[in-house]
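Trainee: can you look at this prediction? I've put the sequence above it.
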Amino acid sequence: MQNAIYRYLPDMERFIEQVRCYSEAELQFKPAPASWSIHEIVVHLYDVEIVLQHRLKAILAEDNPVIVAFDQDRWAQRLGYASLDMEHHLQALLAMRKAFAPVLETITEEDQKRTGQHNVDGEITARELVEKLCVTHLEGHVNQIQRNREAFAAQK
């Protein structure tokens, strides 16, 4: 888990640096009508950062809290991800990670075992949430962005 925590801030810094290099056309491109653009993925990452930080804080501070699922596609549509300012979301993502990194660094072995009850998936541990928050969620979307970029390049 220490490796995940160590990666938390640098991985986001590298991600933001890369995304800022993409053209506007590439950021807005959708490989299929139901797919998300890179722009929408960035806004999604911001929202999920809030959700995962909240979930982890609840598990660390409360006894077996209820963790509520959300519909990410509905959020993207109803909150208008495509029309939101991507740069503001990139800045906010970095600020949130900088603010939360010290909390992650204080998590003990005992804290890692603390649990919450996800209303769909059942029991979830702090350790599992840290892995998702620090590594797996961003990695999954980095791969999705790479697929978007490949599809964008292939259309030319």
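Mentor: Yep, that arrived.
Trainee: strands of the protein, start to end?
Mentor: Ranges of strands in the chain, per DSSP state E, are 66-67, 115-118, 122-125.
Trainee: and those as JSON lines, adding distance to Leu138 and mean pLDDT?
Mentor: For every residue, glycine as well, the C-beta is placed using N, CA and C. Listed next are the strands of the chain as JSON lines, based on distance: least, CB to CB, whole Å; pLDDT from 0 to 100:
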{"stretch": "strand 66-67", "distance to Leu138": "20", "mean pLDDT": "96"}
{"stretch": "strand 115-118", "distance to Leu138": "20", "mean pLDDT": "96"}
{"stretch": "strand 122-125", "distance to Leu138": "18", "mean pLDDT": "96"}
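Trainee: these: which one's closest to Cys134?
Mentor: Set against Cys134 and scored by CB to CB, those come closest in strand 122-125, at 14.0 Å.
Trainee: enumerate every residue touching the residue sitting nearest the centre point of the chain.
Mentor: The chain has Leu45 as the residue nearest its centroid, 3.7 Å off, counting by CA atoms, centre = their mean. Residues counted as contacts of Leu45 (CB atoms under 8 Å, 6 or more residues apart in numbering) are 89, 93, 137-138, 141.
Trainee: any idea how far Gln28 is from the residue nearest to Ala4 when sequence neighbours are not counted?
Mentor: Leaving aside its sequence neighbours, Ala4 sits nearest to Cys134 (CB to CB, 6 or more residues apart in numbering; 3.9 Å). Separation of Cys134 from Gln28 (CB to CB, to the nearest Å): 29 Å.
Trainee: and the longest helix seen in the chain, how far out from the chain's middle?
Mentor: Taking DSSP state H as the criterion, the chain has its longest helix at helix 38-61. Here helix 38-61 is found 5 Å from its chain centre; the criterion is CA atoms, centre = their mean, to the nearest Å.
Trainee: before we move on, the earlier item: the residue nearest to Ala4 and Pro10 touch, don't they?
Mentor: No. Counting by CB atoms under 8 Å, Cys134 does not reach Pro10; the two are 10.5 Å apart.
Trainee: neighbour count: the two, which is higher?
Mentor: Applying other CB atoms under 10 Å to Cys134 and Pro10 shows that Cys134 carries more neighbours, namely 25 against 10.
Trainee: buried set for the longest helix of the chain?
Mentor: Within helix 38-61, the residues that qualify as buried are 38-49, 51-53, 55-56, 58-60, counting by 16 or more other CB atoms under 10 Å.
Trainee: go on, stretch 112-129?
Mentor: 112, 114-116, 118, 124, 126-129.
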